[in-house]
Structures are given as structure tokens and as C-alpha cells.
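Chemist: sequence unavailable; structure follows:
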């Protein structure tokens, strides 16, 4: 099975959560929009009149005849065949819960720089961003990170579920990476309270396939068009 | 199977999406936090040291030994036994995509009155709310509603998937109801462009079990503590 990933070609964004799973699972895949003519193919699947079930937005994945949108739905589908999901049903439901909570956390991280409108520039919502980012760093990020810290403490293995890495572990790694990019000063402080989350981040970074991926040109660097953006004035 | 729903007892909120499915499916369930001692039981599952897999936030559902958090995950689990999900795997993945897109839409609706911080009062973020609500009504709500209109047009049956109501249909009904409560003036305008969405809303309201539920005291009225709130100054 050669998977086709559809996502914006110049940012990590939500697509990165899928890329990390594909890479960690050693999947055969093509990052469509980064290939010749790929953007047109992606836009067609969203806007073409002949597409019966058009995704609302990227990322989406073609897996054989299936077209799957929404990051958490894609990961739930990819987890089992890539060896990145628990074997039991209760474990899979739990993995999904963890992933959906990361999705919520991610929206909040995004909205620190776009609290008013995704369609406006950051420059058009700077005072609002300053207020939202301050609350995010004071209340929301510690709450989310603290919840994951408790999960790691209770599971006890160093991974979120069971004794092996699963897709939510990869996604939590990505959250930490993104937050470090966006808020280096605040994260240096926040990380002191979540040592298990930091250790998990290191463990994921040390997985051989992830290590190879991060060093490859397939990993798009963080930049100021993505979900995580570094505006020093927001990093308190 | 007697399901146990855990959600804040005085608002519709995210719990309502689960309540609608339980009601439409004729499930045997108890709305725990609305019963004697229920709030303590709910808080224990989130905060108790002995809970191995504590949910991040309500709603969550106990189904036998399973404890499931996150609205979309709960509905995915409830859909098949309640006869509210497609039979085929592709259909179920599609139902999940639709539901996750409604989850995104719902966050945006909430953030119209709380664009800066959920922990602050509306009164502490009124100018920001005015800007965010204006963008929501001009750009985001039409985009989301328009997408569902296209899905309904392409499916052709009046329901989002196949020829019978599924849980995303119930959730889209709830979105329309909530938006009508929060933004009666704007919705009167927006609905003109999405006649199929309006028809779906009416069809769901006419399902016998939903009709009975809506007329019962189990349906909590919309109010100013919920996700959808009516601030006339935001309804442009």
C-alpha cells in the first residue's frame, strides 16, 4: 500500500502529525503537494464537483479507495497497520482520546497568534494575540501539559499507552517541538513541571526512523507560516 | 447496557451532542451529574488518583468497563449499537470526519464570545469578541455551513450519509439550533444560502424520539453559561 498524503507543501502544520506516523511506521508514502502538479491534485479533491465526499481541509490521506480527512481520523486509521496503536479496543479508544485532546491543544496554540481571525494577518490582531498568548502560557499550556504528565506518571513505562510508542506519543513530541519553537522562554520554565513529557519528547526524537526523518529534507523547518510561530513579544 | 453520561448538569454544551444520540437511539442511559451525588462522581473520574485513564474534560461516557472521553470518540462508539452510523467502514470513517469538522466549527462558535480566555468573563473580552464574532459570521460560519450544504447536495437523500439519519445529522441539527439561539439575526440571513441544511434541521427535529426529547425536561434550555450564548451586540 502506497499512501498518499495531501497537505500544504511549505509548512509542518497539521500534516506533520501524519508525516511523523508515516515515518515512524516506515510506511511507503508520497507527500503529494510537494511533488510536481500535486497542489492541483490536492485542490481538486477539495473543490472538484465530482468528489462525492470532499474533505473540509488538509490534511487528508488516500489509502487505496479510502479518502480520509481530519488528523485524528487519519491517525486512527494508520495506527494499527503501522504498528503505532494498541492491540486492544480499549487501548485504541484511549489513543484516540489522547489524540483528540492534542488536537484541542493545537488549536489553542494556533490561536495565540490568530485569536480574532485566521483570515487576517497577525499584524492585524497583535494586542489580542498578546492577551491570548499570556493566558495560554499561564493557564492552558500548563493544564494540557500537566494532564499528559499525569498520564505518563500513571502509565509508568515512559510512553503514553502500554510499553511501546504509539501515534499519540509522536504527536506529543510534535507539540513540545512546536511550543519550543514558538515560546522558547516560556517553555524553558513550563518544562520544569513536566519532566516525563520532556523525556517522552527525547525518546521519540531518538527513535531511529524519527531521528533519520528529522535530519532529512523531508522535515520542513518550523517557519512563520505554520501553526507554531515565533513572535518574541508573545513569549512571556 | 445502561450507559452513564458525565457532563455539566446545567448546560447543553458538548454533552448535548451525546444526549441527542442517546435519545435518538432509544438508549438506556443516566445523565450522571444531574442525579444526586453525580457531580462528585464526575469530578472523581477526572481528578481521582486511582483513575488510570482520566478524561481531560467532560463529556465522557461509561459503557460497561469502557470510559470514553471526547465527543467525537463517544459518538463513534455509540453510533453502531444505536443504529446511528453507517454499516460500512468507509461510511464510518466519513461519519467521523463529519463529526470532527463539526467539533472544529463548535470551537469557533464558542470562541466568538471567548476569543481571549475561557477563564475570563465575556465582559473582560467584549471588544475582541465583537471582532471575532464579525469574522465568524462573515467568513467562518458560511464556509462551514456551505460545506455541509454541498455534502447534502451530493448525497441527495436529505441526510448527510446514505438514506437514514446518523449521528452527524443530529450534531448538525444541534449546530443550527445553537447558532439560531446565539445569532438569530445573522442566521436568518445565512440560512438562505443553505436550504438543505435547514431541511435537515427540520427532519431531525421531526424524528419521533427527538421530538419527544426536545419537549421533555431532559432537554436543558439554551442559556448564557453554555457554548452558544446570545449577546445581541455580537449578532450582526
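Modeler: Received, thanks. None of the values given here were measured: they were computed from a predicted structure.
Chemist: what about the closest residue to residue A:2 other than its chain neighbours, how many residues nearby?
Modeler: Once flanking residues are discounted, residue A:2 sits nearest to residue A:28: 4.8 Å by CB to CB, 6 or more residues apart in numbering or on different chains. The way it works is simple: take the backbone N, C-alpha and C, and place the C-beta from them, glycine included. Neighbourhood size, residue A:28 [other CB atoms under 10 Å in any protein chain shown]: 9.
Chemist: moving C-terminal of the strand or helix carrying residue A:169, what's the next helix or strand?
Modeler: Secondary structure assignment for residue A:169, by DSSP states H and E: helix A:167-182. Remark: after helix A:167-182, the chain's next helix or strand is helix A:184-190, criterion DSSP H and E.
Chemist: tell me which residues in the helix ranked longest in chain A are buried?
Modeler: Counting by DSSP state H, the longest helix found in chain A is helix A:89-111. For helix A:89-111, burial by neighbour count (16 or more other CB atoms under 10 Å in any protein chain shown) applies to A:92-111.
Chemist: stretch A:223-236 now?
Modeler: A:226-229, A:231, A:234-235.
Chemist: tell me if the helix holding residue A:169 is near chain B.
Modeler: No - residues of helix A:167-182 are not located near chain B by CB under 8 Å from any CB of the partner chain, the shortest gap being 12.1 Å.
Chemist: so how far is that helix from its chain's centroid?
Modeler: 7 Å (CA atoms, centre = their mean, to the nearest Å).
Chemist: which strands and helices lie in contact with it?
Modeler: helix A:15-24, helix A:71-78, helix A:89-111, helix A:184-190, helix A:195-205 (3 or more CB pairs under 8 Å, 6 or more residues apart in numbering or on different chains; DSSP states H and E).
Chemist: what mean pLDDT does the first one have?
Modeler: Looking at helix A:15-24 alone, the average pLDDT works out to 98.
Chemist: and the last one, by the same measure?
Modeler: Computed over helix A:195-205, the mean pLDDT rounds to 98.
Chemist: show me what it is packed against.
Modeler: Against helix A:195-205 (3+ CB pairs under 8 Å, 6+ apart) you get helix A:141-155, helix A:167-182, helix A:208-214.
Chemist: what's the closest of the helices and strands packed on helix A:167-182 to residue B:165?
Modeler: Nearest to residue B:165 among the helices and strands packed on helix A:167-182 is helix A:71-78; the distance by CB to CB comes to 20.7 Å.
Chemist: next, the angle from the closest one to helix A:89-111.
Modeler: Angle of helix A:71-78 versus helix A:89-111, following axes from the mean of the first three to the mean of the last three CA atoms, to 10 degrees, is 150 degrees.
Chemist: contacts for helix A:71-78 next, please.
Modeler: The contact list for helix A:71-78 (CB atoms under 8 Å, 6 or more residues apart in numbering or on different chains) reads A:3, A:14, A:17-18, A:21-22, A:25, A:27, A:59-61, A:63, A:66, A:68, A:84-85, A:92, A:95-96, A:99-100, A:103, A:167, A:171, B:72, B:93, B:96-97, B:100.
Chemist: follow-up on the earlier one: out of the helices and strands packed on helix A:167-182, the one nearest residue B:130 is which?
Modeler: Of all the helices and strands packed on helix A:167-182, it is helix A:89-111 that lies closest to residue B:130, at 16.7 Å by CB to CB.
Chemist: gap between that closest one and the chain center?
Modeler: On the basis of CA atoms, centre = their mean, helix A:89-111 sits 10 Å off its chain's mean C-alpha point.
Chemist: output the contacting helices and strands for it.
Modeler: helix A:71-78, helix A:141-155, helix A:167-182, strand B:66-69, helix B:71-78, helix B:89-111.
Chemist: next, give phi and psi for residue A:31.
Modeler: phi -90, psi 90 (degrees, to the nearest 10).
Chemist: so what's the gap between stretch A:87-101 and the chain middle?
Modeler: Relative to its chain's centre, stretch A:87-101 lies at 16 Å (CA atoms, centre = their mean).
Chemist: identify the residues contacting it?
Modeler: In contact with stretch A:87-101 (CB under 8 Å, 6+ apart) are residues A:71-72, A:75-76, A:79-80, A:85-86, A:144, A:147-148, A:151, A:160-162, A:166-168, A:171-172, B:53, B:55-56, B:65-66, B:68-70, B:72-73, B:76-77.
Chemist: thinking again about what came up before, tilt between the longest helix of chain A and helix A:167-182?
Modeler: Going by the same axes, to 10 degrees, helix A:89-111 makes 20 degrees with helix A:167-182.
Chemist: one step back: the residue nearest to residue A:2: what's it in contact with?
Modeler: Residue A:28 neighbours (CB under 8 Å, 6+ apart): A:1-3.
Chemist: same deal with residue A:235?
Modeler: With CB under 8 Å, 6+ apart, residue A:235 has these contacts: A:133, A:137, A:182-186.
Chemist: one more time with 10 Å, if that's ok
Modeler: A:112, A:133, A:137, A:182-188 (CB atoms under 10 Å, 6 or more residues apart in numbering or on different chains).
Chemist: sort out which of these are buried, if you could.
Modeler: When the contacts of residue A:235 are checked against 16+ other CB under 10 Å, the ones flagged as buried are A:112, A:133, A:137, A:182-183, A:186-187.
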